[in-house]
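no FASTA, just this:
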């Protein structure tokens, strides 16, 4: 009986060791998993795919380095799709930590696709104020972001000359580690009726599903799983990085489920054993 | 060749200095980042000074970065640049500190002073930290902010979170109704629409505290409401676990790939 009691009190450091093994091993012995693409990811891809050539997409980078593993693969695949479709791209950040990503990722991919800064894409950098910035962009983007990330007045940038507010954008995307999509839905979608979708960390994803049914969001990429599905749709194959990350993710989930089952088994068996012993004692 | 031999061959840690390229700032950054990551992971065993050291560095760097970027992208871009927007940018760019101040004084009539109102309002929020006698000044910007914030947030949230969701709930039934008429009826859609309605009614009833939840109907519906709430919590918790594991995977990948060079893509 002691064995079942012990199952309920396994030292957390033993659990950490199992998790570490489950997490590290797939990096050296990778295995491919079948990618089942969910409806919200299909919708996300379709929304960008259906835009006409030259349409303008704005992406808000609202996450920090801690959310990099989940959001960066989404950002790369998204900008890849945007450049493949010859769409125009505007990036900016409402989180101060998001600014480096909003500049580095487009610049890296622009080189591969031979896109020119100022004509095909612009990086506006970080702006403090969140709600105030979202609202001000609805009136005049040039007031919200007088200068781009390089210090150039945006009125001097060819791509920005004819873009004044949300009505000049074809799609708005938020890459978020927090509740920023709530702000966009409340202040940009409802007020200015701009098509909107989001890529978010898994921890926030459950909060945004209600917006899909009401069409306040066109599509949603939830966490690393959403990133892997979307990357597969854009490139027709997953990168080795995402494949290995998903393999680790699945193995860790299996280990966790196993330990939860063991703990519960220990709890119920101990309880039933004690009950039986008490009944025998009374008898 | 066994796995250990392969690992030994592929082991190529990030280099801070090489005879060919000399000192590498990127390499140094990777080493600092890796060592601080290990310090943070040491908390898994127990709290210790190395963890505290890394934690303090993280807080300090974050605040320093925030102050710098808010000054550059907020105050400089939205206050100073807006004030001087009517002046020639090329001339301003070539001037240094005192020359720039002199130039601005000479052209004071061309400056836009409205951003100063926002700047002063912002500075007033700091008044309690400067002098206790003038701490009351902070209520001016906060009154403005609360008034503006409530005015903007209440209708927006009412529309986005309540009215639009009510519409979404009823819209689901109209979709099922339309599918009956145009011959695309699907039994699953009807079933899930009813489950959604049941979930909304039961959860709302559970949070309705003006009537006692008793009897087979009142108590039963409230209990069903708890079940729906629990399923919601379960989904949110599952997503949370997935998110945290993803972050850990990202860090381990950094240590194995960028730092130790054990894996390559």
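Cool, the structure landed. These numbers were taken from a predicted model, which means no experiment stands behind them. Residues are numbered from 1 along each chain as shown, chains lettered A, B, ... in the order given.

Longest helix in chain A, please.
Longest helix in chain A by number of residues (criterion: DSSP state H): helix A:240-282.

That helix and chain B in contact?
Yes: for helix A:240-282, a contact with chain B is found by C-beta under 8 Å from any C-beta of the partner chain, at A:240-241, A:244-245, A:248-249, A:252-253, A:256. Bear in mind the C-beta positions are built from the backbone N, C-alpha and C, glycine included.

do the same with stretch A:106-124
No: Stretch A:106-124 lies out of reach of chain B by C-beta under 8 Å from any C-beta, never closer than 9.5 Å.

Would you mind measuring the gap between the ends of that stretch?
12 Å (C-alpha to C-alpha, to the nearest Å).

Show residues contacting it.
By C-beta atoms under 8 Å, 6 or more residues apart in numbering or on different chains, the surrounding residues in contact with stretch A:106-124 are A:76, A:79-80, A:83-84, A:88-92, A:102-103, A:145, A:148-150, A:154, A:157-160.

And the buried ones among those, selectable in ChimeraX?
The following ChimeraX line selects those of those that are buried, judged by 16 or more other C-beta atoms under 10 Å in any protein chain shown:
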select /A:76,79,80,83,88,89,90,91,92,102,103,145,148,149,154,157,159,160
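
what's the neighbour count on residue B:57?
If you count neighbours by other C-beta atoms under 10 Å in any protein chain shown, residue B:57 ends up with 13.

tell me which element it is part of?
Following DSSP states H and E, the helix or strand that holds residue B:57 is helix B:49-70.

Tell me which other helices or strands that helix touches.
helix B:25-41 (3 or more C-beta pairs under 8 Å, 6 or more residues apart in numbering or on different chains; DSSP states H and E).

what number of residues lie near whichever residue of chain A sits closest to chain B?
Closest approach between chain A and chain B, counting by C-beta to the nearest C-beta: residue A:69, at 2.5 Å. Close neighbours of residue A:69, defined as other C-beta under 10 Å, add up to 26.

still on that earlier bit, so which of the contacts of stretch A:106-124 are also by chain B?
By C-beta under 8 Å from any C-beta, the members of those lying near chain B are residue A:145.

Got the confidence number for the spatially most central residue of chain A?
Centroid-nearest residue in chain A, with C-alpha atoms, centre = their mean: residue A:200, separated by 3.2 Å. pLDDT, residue A:200: 97.

counting contacts, what elements does whichever helix or strand comes after the helix holding residue B:57 pack onto?
Going down the chain from helix B:49-70, the next helix or strand is helix B:81-83, by DSSP H and E. With contacts taken as 3+ C-beta pairs under 8 Å, 6+ apart, helix B:81-83 sits against helix B:114-124.

same thing but at 7 Å, please
Judged by 3 or more C-beta pairs under 7 Å, 6 or more residues apart in numbering or on different chains; DSSP states H and E, helix B:81-83 has no packing partners among the helices and strands.

Which positions within that helix qualify as buried?
B:81-83.

separation between residue B:95 and residue B:232?
Noted for residue B:95: a distance of 60 Å to residue B:232, by C-beta to C-beta, to the nearest Å.

residue boundaries of the helices in chain B?
In chain B, the helices defined using DSSP H lie at B:3-10, B:25-41, B:49-70, B:81-83, B:89-93, B:97-106, B:114-124, B:127-130, B:139-157, B:164-182, B:187-206, B:215-253.

Distance to residue A:183 and mean pLDDT added to the ones you listed, as a markdown table?
Putting the helices of chain B into a markdown table (distance: least, C-beta to C-beta, whole Å; pLDDT from 0 to 100) gives the following:
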| stretch | distance to residue A:183 | mean pLDDT |
| --- | --- | --- |
| helix B:3-10 | 45 | 64 |
| helix B:25-41 | 30 | 95 |
| helix B:49-70 | 19 | 95 |
| helix B:81-83 | 24 | 89 |
| helix B:89-93 | 32 | 84 |
| helix B:97-106 | 36 | 90 |
| helix B:114-124 | 20 | 92 |
| helix B:127-130 | 28 | 88 |
| helix B:139-157 | 9 | 93 |
| helix B:164-182 | 15 | 85 |
| helix B:187-206 | 24 | 90 |
| helix B:215-253 | 20 | 92 |
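
Give me the subset of the contacts of stretch A:106-124 lying in strands.
The strands, defined by DSSP state E, take in A:88-92 from these.

So which of those is the closest to residue A:193?
residue A:90 (18.6 Å; C-beta to C-beta).

Report the beta-bridge partners for the closest one.
residue A:58, residue A:122 (DSSP bridges).

which residues touch it?
Counting by C-beta atoms under 7 Å, 6 or more residues apart in numbering or on different chains, residue A:90 makes contact with A:56, A:58, A:122, A:124.

All good on my end, thank you.
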